[in-house]
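J.: coords please:
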Amino acid sequence: MALHVVIMAAGKGTRMKSKSPKVLHRVGGRSLLQHVLDAAAGLGAARTIVITGHGADAVEAAAGTATCVRQMPQLGTGHAIQQVVPLLPDDDSTVLILNGDVPLIRASTARALVAACGGRELALLTIALDDPTGYGRIVRLADGSVRGIVEHKDANELQRGIREIYTGIMAAPAAALRRWVMALDNRNAQGEYYLTDIVALAVADQVPVVATRCDDETEVLGVNSPLQLAELERRWQRRQAEALMEAGVRLADPARLDVRGTLRCGQDVEIDVGCVFEGEVTLGRDVRIASHCVIRNARIDDGAVIHPFTHIDGASVGAGALVGPYARLRPGAELGPDVHVGNFVEIKNSTMAAGAKANHLAYLGDATVGERVNYGAGSITANYDGANKHRTVIEADAHIGSNCVLVAPVTLGAGATIGGGSTISRPAPAGQLTVARAKQVSLPGWTRPVKPKKG
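T.: Predicted coordinates for the structure are as follows:
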């Protein structure tokens, strides 16, 4: 039986007070819409349709391969589904309706709802809330069957006391859904076409209406304001932290972790407080991440230690390496095994072979650094001539003294020693000491200038 997924993403989100469409705001580093698309992707749908409206161009650009249909103007949820009727089959396929601002629905929950529909029944996802204010209430008959949904603004005092609410997520037979939504009217407090009114139409058609209860409130919470967005972010992060800890990761404090992408961890990984992981990050066995590190699109191999306040972006760190504190690895930095990179060292588009060290206050850009090289404090590669980047090659066992400038393109031979304070612009022979600094001069009788006395 075919499945068609419809995602409603046309709303403006006035309470967000943002120029960006609401569904493009982010939780866990991905847009609300992308979370819903990811859940839909796990269902094997024949087609995914995104209904756009406010900021349609931006939302459609973010919708990827999904089919997009515009709702102009936005006249309610029922009106939104009316726009996709021409794309829905007139058969017993199942249509799953999701919301672009309800991002944390699990694919397993959506799959259970689809199964409850079975192409024959109208299946509603519901949940019981301690405070159901603002949500449509599930109204049941004495035998427990669903009679209808009453929107909060249209509910009377007795109905507002109902705790079971409709989450905005439903699954319906395609042919019946087409018929029901085209029969909707807007005689209500908002003057809108409510999708929830199809429940009464289903009852009138003697189509069974079933309610599938969701036990996890996080899955069905929507976003309407920056406050709700922040609250959902913390729920998402708690979900990530719990999954990591269940897999054996030791978190110093699960409330102080931010995963904004995908974090994969080997055995016996330790992560201290305040760390942020973005994009695709892989940590090998026995890796230790100290506090307040930001790591994006990186691979850190077994036994490496990342000291506090280190930033790593688009880089790889070899087994047993030590990095930081206050180090910065930029895109293209590749550290081999047992490399040491210390405080206030920046590395960009450079490789450091096994055992190489740059322990403090240094810059390596567009460089190839051999095994066991010792790179002194204050030394830099001058890799940019104002128009083009050039490469520096430092062969194995070279020793670079403090405060050296290596003017690329240049090669320093194996075992070469560069005297501190040197500016090197020509190749340095292997195994030799190379020094390039101005001659020191002392001037006897020289006196330091003094300020004239004020009259």
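J.: domain assignment for this structure?
T.: 3-220, 226-434 (automatic domain parsing).
J.: what's the end-to-end length of the shortest one?
T.: Criterion CA to CA, to the nearest Å; first-to-last residue distance in domain 226-434 is 60 Å.
J.: give the contact list for the closest residue to residue 391 other than its chain neighbours.
T.: In this structure, residue 391 finds its nearest non-sequential neighbour in residue 366, 4.9 Å apart by CB to CB, 6 or more residues apart in numbering. All C-beta spots, glycine's among them, are computed from the backbone N, C-alpha and C. Residue 366 makes contact with 348, 349, 350, 381, 383, 389, 390, 391, 392, 408, according to CB atoms under 8 Å, 6 or more residues apart in numbering.
J.: got it, and residue 201?
T.: Shown in contact with residue 201 (CB under 8 Å, 6+ apart): 180, 183.
J.: helix or strand: which one has it?
T.: Per DSSP states H and E, residue 201 falls inside helix 198-204.
J.: which positions within that helix qualify as buried?
T.: 198, 199, 201, 202, 203 (16 or more other CB atoms under 10 Å).
J.: could these go into JSON lines alongside distance to residue 106 and pLDDT?
T.: Below are those laid out as JSON lines (distance: CB to CB, whole Å; pLDDT from 0 to 100):
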{"residue": "198", "distance to residue 106": "25", "pLDDT": "94"}
{"residue": "199", "distance to residue 106": "24", "pLDDT": "91"}
{"residue": "201", "distance to residue 106": "29", "pLDDT": "94"}
{"residue": "202", "distance to residue 106": "26", "pLDDT": "94"}
{"residue": "203", "distance to residue 106": "29", "pLDDT": "91"}
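J.: closest to residue 43 out of these?
T.: If you rank the buried residues of helix 198-204 by distance to residue 43 using CB to CB, residue 198 comes first, at 21.5 Å.
J.: residues contacting that closest one?
T.: Here residue 198 is in contact with 78, 122, 172, 177, 180, 181, 184 (CB under 8 Å, 6+ apart).
J.: look up how far residue 62 lies from it.
T.: Separation of residue 198 from residue 62 (CB to CB, to the nearest Å): 28 Å.
J.: mean pLDDT lowest where, among the domains of the chain?
T.: Among the domains of the chain, domain 3-220 carries the lowest mean pLDDT, at a mean of 93.
J.: thought residue 363 was touching residue 350?
T.: No: in this structure residue 363 lies outside contact range of residue 350 using CB atoms under 8 Å: 9.6 Å.
J.: now do the shared contacts for those two.
T.: Counting by CB under 8 Å, 6+ apart, the common neighbours of residue 363 and residue 350 are residue 381.
J.: among those two, which residue is more densely surrounded?
T.: With neighbours defined as other CB atoms under 10 Å, residue 363 and residue 350 compare such that residue 350 has more, 26 against 21.
J.: quick one: strands adjacent to the helix or strand where residue 347 lies?
T.: Assigned by DSSP H and E, residue 347 belongs to strand 340-348. Here strand 340-348 is paired, per DSSP bridges, with strand 322-323 (parallel), strand 328-329 (parallel), strand 357-365 (parallel).
J.: just the buried positions in it, please.
T.: By neighbour count on 16+ other CB under 10 Å, the buried set for strand 340-348 is 340, 341, 342, 343, 345, 346, 347, 348.
J.: also stretch 64-71?
T.: Going by neighbour count (16+ other CB under 10 Å), the buried part of stretch 64-71 is 66, 68, 69, 71.
J.: how about these in a markdown table, adding secondary structure?
T.: Formatted as a markdown table, the buried residues of stretch 64-71 follow (DSSP: H, G, I helix; E, B strand; the rest coil):
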| residue | secondary structure |
| --- | --- |
| 66 | coil |
| 68 | strand |
| 69 | strand |
| 71 | coil |
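J.: and those residues as TSV, adding distance to residue 99?
T.: Output for these, formatted as TSV (distance: CB to CB, whole Å):
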residue	distance to residue 99
66	14
68	16
69	15
71	13
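J.: no further questions, thank you.
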